[in-house]
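Engineer: One predicted model, sequence on top.
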Amino acid sequence: MTVQELPGAAAYRPTPPPAWKPLTDPAPLLPDPEPYRVLGTDAAADADPELLLRLYAELVRGRRYNTQATALTKQGRLAVYPSSTGQEACEIAAALVLEERDWLFPSYRDTLAAVARGLDPVEALTLLRGDRHTGYDPREHRIAPLCTPLATQLPHAVGLAHAARLKGDDVVALAMVGDGGTSEGDFHEALNFAAVWKAPVVFLVQNNGFAISVPLAKQTAAPSLAHKAVGYGMPGRLVDGNDAAAVHQVLSEAVERARSGGGPTLVEAITYRMDAHTNADDATRYRGDSEVEAWRAHDPVQLMERELTGRGLLGADGIEEARTAAERMAAGLRERMNADPVLDPMDLFTHVYAEQTTQLREQAARLRVELDAENEQHGTDDGGAGR
Amino acid sequence: MTTAAATAGERTAKAKPATMAQALGRALRDSMAQDPSVHVLGEDVGTLGGVFRITDGLAKEFGEDRCTDTPLAEAGILGAAVGMAMYGLRPVVEMQFDAFAYPAFEQLISHVAKMRNRTAGAMPLPITVRVPYGGGIGGVEHHSDSSEAYYMATPGLHVVTPATVDDAYGLLRASIASDDPVVFLEPKRLYWSKAAWSPHAPAPVEPIGRAVVRRPGRSATLITYGPSLPVCMEAAQAAVEEGWDLEVVDLRSLVPFDDETVAASVRRTGRAVVVHESTGFGGPGGEIAARITERCFHHLEAPVLRVAGFDIPYPPPMQERHHLPGVDRVLDAVARLQWEAEH
Ligand SMILES: Cc1ncc(C[n+]2csc(CCOP(=O)(O)OP(=O)(O)O)c2C)c(N)n1
């Protein structure tokens, strides 16, 4: 069938659209193509030696914390532990970059960041041990509950930062998320809100290569996760996530920007999860040893140690001192985790509502009777407490 | 459904112990082999075979286009499944854990459940949404929700849940074959429960929508499903000593609901207890008790009782045994059925 030209069609010219220009110039928002590095570069000479030494001590302690927590899963003292071994530089930098008044919004993998921020290591582990969902008061430490559903904490961080700014407080929220989590709708909504509201938030994506078994290439087709920032109208920054000094510096700039009213930043830290997803996961199903080995040569603790020893800032004594402190922390953690937590089953009803409902009071009374019967049977008299 | 009807003799000859997880995997495999339009998608379902290994081997056998590791986005997974079904495929979606299906609720409630209705029947959506649900496996926060009431409250969805190895296979095959969307709830704590089962000659099972009497009895009926079935079977066994002959009804399908089997049983026994681990208030038991009362009022010798989880957010694993209804709580309710004697 031939198409009949409509009369006058040849004369038709589309009207040009009215003048259009982008809201923002995207150029300054784009991440550099190479992840930012400090260690092993000239930038290291300008870095504050005291900060580097502090980062080093925390990295050593953090590594020890990870190995200790993993060991506790093998001894049945911890139900599950998603290790951040290999990712300590991100965890430590995220914790150290914040002021006391700032807020941290960790994901379920970020126990170490919470501990590095000063949280009691045992309180930080209750979720994973299985005795309490959140073993600390988030307001007291300004650490939101470790978040298990992925990316859902990101909008919370935006809301909190926004509220703080409305109140006139110069508080910054730093929210952590994995590469997999960036695919969730909540990630998109959080970034969009943050940018539109110019909320004082820093988003830290720990790109550790995998979401459980799924590699980054199946998660996104973007040039980098940092590139995603541009579409929302915020700067994206790429950083070597195993270089604690670099992560600290990039996050500092982002925090500074947020605090001074410059709005949010998306930071992508390129790192690697050395252990399996959790102790329950079999990583050999989806990745080869050679890949893991290649990353071992880029270990965050070693990187810092080499930098510091190479520049004469750290000697055998200093290394020894850091390791001793880490061992002390590990021994304390071991000891305290070996004690059975004392639990009161009646607590199940305590914090459901501000005021207990009639139904819950009835149910609590029923449980009380059951526990009393149980105790009578076992001849115990601990009021139903214990494991 | 189980097609080649094997004789009971053939089945016992070939049967070996199998777990519910294996039967589910086999049902997926057989459905995919039989019907090229069946596609599996979700987080970690490919290379890893799913965190519970239900989809193990499917990507290898059928290729990554038929068993696909998706980006980590439940709304996206289910939303994409809607589009795939609109174009003639039969998607089987895996939600990794009960509480991680919530981001997909918008797609489920607004689209999956309503598409047939919205399009006056022109566009049914044959989607199966597999959701591992319930507690009892020591999972940390957000890994133990019983979300069946949310699904049951949404017209347009079938909601089924197997409690036996045979049903795991048969109900999943039926769900995938169904032209309606099915929320297929997998009781995680029964994944490793075993029964003699033959993948080559699976037992025929009742179709979606029928309840099954798992244990006949005369003095009262326990009505249950999924993870609570073994609890009720054990309770029925234990109650014999106290002179109770309990009938146990396994619902298997919450929507559609088998009023006939349930009412017939309660009319026989005159007493009923509904048992499930999801919360009692606003939970499935309320609906079931109301239906029984409506149909069996004159046959009832006691009020229909409910044994459910407490009305609390799912507790941390170290406390979950206090929350989950066990044999004692069921027996306690049975004892309370001697109602007329007390009042
Ligand atoms: C909404 C939601 N869906 C699924 C899960 C199950 N899950 C837990 S961790 C994980 C992978 C997360 O990957 P990523 O975001 O890259 O973080 P990483 O584990 O690498 O730190 C998945 C799928 C979840 N926790 N929440």
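Structural biologist: Received the coordinates, thanks. What you see is a predicted model; the values in this text were computed from it and never measured. Numbers count the residues shown, from 1 in each chain, chains lettered A, B, ... in the order given.
Engineer: Residues in contact with the host helix or strand of B:Val248: which ones?
Structural biologist: Following DSSP states H and E, the helix or strand that holds B:Val248 is strand B:246-250. Strand B:246-250 has contacts (CB atoms under 8 Å, 6 or more residues apart in numbering or on different chains) with B:163-164, B:167, B:211-225, B:229, B:232-233, B:235-236, B:239, B:261-262, B:265, B:268-269, B:334. Quick note: C-beta positions are derived from backbone N, CA and C, even for glycine.
Engineer: and after that strand, which helix or strand comes next?
Structural biologist: strand B:253-255.
Engineer: other SSEs contacting that following strand?
Structural biologist: Helices and strands touching strand B:253-255, by 3 or more CB pairs under 8 Å, 6 or more residues apart in numbering or on different chains; DSSP states H and E, are helix B:148-152, strand B:158-160.
Engineer: Can you say which of these is nearest to the ligand?
Structural biologist: Nearest to the ligand, of all these, is helix B:148-152, at 15.8 Å by CB to the nearest ligand atom.
Engineer: Just say which of the helices and strands packed on strand B:253-255 is most tucked in.
Structural biologist: Among the helices and strands packed on strand B:253-255, strand B:158-160 has the highest mean neighbour count (mean count of other CB atoms under 10 Å in any protein chain shown), at a mean of 25.
Engineer: Switch the helices and strands packed on strand B:253-255 over to a markdown table; also include distance to chain A.
Structural biologist: Formatted as a markdown table, the helices and strands packed on strand B:253-255 follow (distance: least, CB to the nearest CB, whole Å):
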| stretch | distance to chain A |
| --- | --- |
| helix B:148-152 | 16 |
| strand B:158-160 | 22 |
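Engineer: I'd like these laid out as a markdown table, including distance to A:Gly76.
Structural biologist: Below are the helices and strands packed on strand B:253-255 laid out as a markdown table (distance: least, CB to CB, whole Å):
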| stretch | distance to A:Gly76 |
| --- | --- |
| helix B:148-152 | 32 |
| strand B:158-160 | 36 |
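Engineer: so can I have a markdown table of these showing distance to the ligand?
Structural biologist: Formatted as a markdown table, the helices and strands packed on strand B:253-255 follow (distance: least, CB to the nearest ligand atom, whole Å):
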| stretch | distance to the ligand |
| --- | --- |
| helix B:148-152 | 16 |
| strand B:158-160 | 21 |
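Engineer: ranges for the strands of chain B?
Structural biologist: For chain B, the strands defined by DSSP state E cover B:16-19, B:38-42, B:67-69, B:90-94, B:128-133, B:158-160, B:182-187, B:194-197, B:212-215, B:220-224, B:246-250, B:253-255, B:272-279, B:305-309.
Engineer: elements contacting the third one?
Structural biologist: Counting contacts by 3+ CB pairs under 8 Å, 6+ apart, the secondary-structure elements packed against strand B:67-69 are strand B:38-42, helix B:58-62.
Engineer: Buried residues, that strand. List them.
Structural biologist: B:67-69 (16 or more other CB atoms under 10 Å in any protein chain shown).
Engineer: What is the neighbour count of the spatially closest residue to A:Ala47 that is not a sequence neighbour?
Structural biologist: Leaving aside its chain neighbours, A:Ala47 sits nearest to A:Ala245 (5.3 Å; criterion: CB to CB, 6 or more residues apart in numbering or on different chains). For A:Ala245, the neighbour count with other CB atoms under 10 Å in any protein chain shown is 26.
Engineer: and A:Ala245, what does it touch?
Structural biologist: Contact analysis of A:Ala245 by CB under 8 Å, 6+ apart lists A:38-39, A:43-44, A:47, A:51-52, A:55, A:304, A:307.
Engineer: between the strand holding B:Val248 and strand B:272-279, how big is the angle?
Structural biologist: For strand B:246-250 against strand B:272-279, the angle by axes from the mean of the first three to the mean of the last three CA atoms, to 10 degrees is 50 degrees.
Engineer: In the sheet, which strands lie alongside strand B:246-250, parallel or antiparallel?
Structural biologist: strand B:212-215 (antiparallel), strand B:220-224 (parallel) (DSSP bridges).
Engineer: what pLDDT, on average, does that strand get?
Structural biologist: The average pLDDT for strand B:246-250 rounds to 98.
Engineer: Please look at B:Glu61 and B:Arg29 and confirm they touch.
Structural biologist: Yes. Between B:Glu61 and B:Arg29 a contact is recorded at 7.0 Å, counting by CB atoms under 8 Å.
Engineer: okay, these two: which has more neighbours?
Structural biologist: Counted by other CB under 10 Å, B:Glu61 and B:Arg29 do not tie: B:Arg29 has more neighbours, with 20 against 11.
Engineer: What pLDDT is listed against that one?
Structural biologist: At B:Arg29, the pLDDT recorded in the model is 98.
Engineer: Please give me every residue in contact with it.
Structural biologist: Per CB under 8 Å, 6+ apart, neighbours of B:Arg29: B:57-58, B:61.
Engineer: could I get those as JSON lines with pLDDT?
Structural biologist: Output for those, formatted as JSON lines (pLDDT from 0 to 100):
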{"residue": "B:Gly57", "pLDDT": "98"}
{"residue": "B:Leu58", "pLDDT": "98"}
{"residue": "B:Glu61", "pLDDT": "98"}
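Engineer: Show me what B:Gly309 is bridged to.
Structural biologist: Beta bridges link B:Gly309 to B:Thr279, judged by DSSP bridges.
Engineer: Nearest spatial neighbour of A:Ala322, chain-adjacent residues omitted?
Structural biologist: For A:Ala322, the closest residue by CB to CB, 6+ apart turns out to be A:Val60, at 4.2 Å.
Engineer: Can you get me a residue count around the one you found?
Structural biologist: 24.
Engineer: Which residue lies closest in space to A:Arg109, excluding its sequence neighbours?
Structural biologist: A:Pro82 (4.5 Å).
Engineer: Against chain B, how distant is that neighbour?
Structural biologist: Separation of A:Pro82 from chain B (CB to the nearest CB, to the nearest Å): 10 Å.
Engineer: hmm, back to that, what about the helices and strands packed on strand B:67-69, which gets the closest to B:Thr119?
Structural biologist: Nearest of those to B:Thr119, taken as CB to CB: strand B:38-42 at 21.5 Å.
Engineer: the inter-axis angle of the closest one versus strand B:90-94?
Structural biologist: Going by the same axes, to 10 degrees, strand B:38-42 makes 30 degrees with strand B:90-94.
Engineer: so how far is B:Met84 from the residue of the stretch 201-350 of chain A found nearest the ligand?
Structural biologist: Nearest to the ligand, among the residues of the stretch 201-350 of chain A, is A:Ala211, at 3.2 Å (CB to the nearest ligand atom). From A:Ala211 across to B:Met84, the span is 22 Å (CB to CB, to the nearest Å).
Engineer: For chain A, what's its nearest residue on the stretch 151-300 of chain B.
Structural biologist: B:Phe281 (6.0 Å; CB to the nearest CB).
Engineer: Around the nearest residue to that residue once chain neighbours are set aside, how many other residues sit close by?
Structural biologist: Nearest in space to B:Phe281, with sequence neighbours left out and distances taken as CB to CB, 6+ apart, is B:Asp311 at 4.6 Å. A total of 18 residues lie near B:Asp311 under the criterion other CB under 10 Å.
Engineer: Next: A:Ala246.
Structural biologist: Using other CB under 10 Å, A:Ala246 has 25 neighbouring residues.
Engineer: who touches it in this structure?
Structural biologist: A:35-39, A:43, A:239-240.
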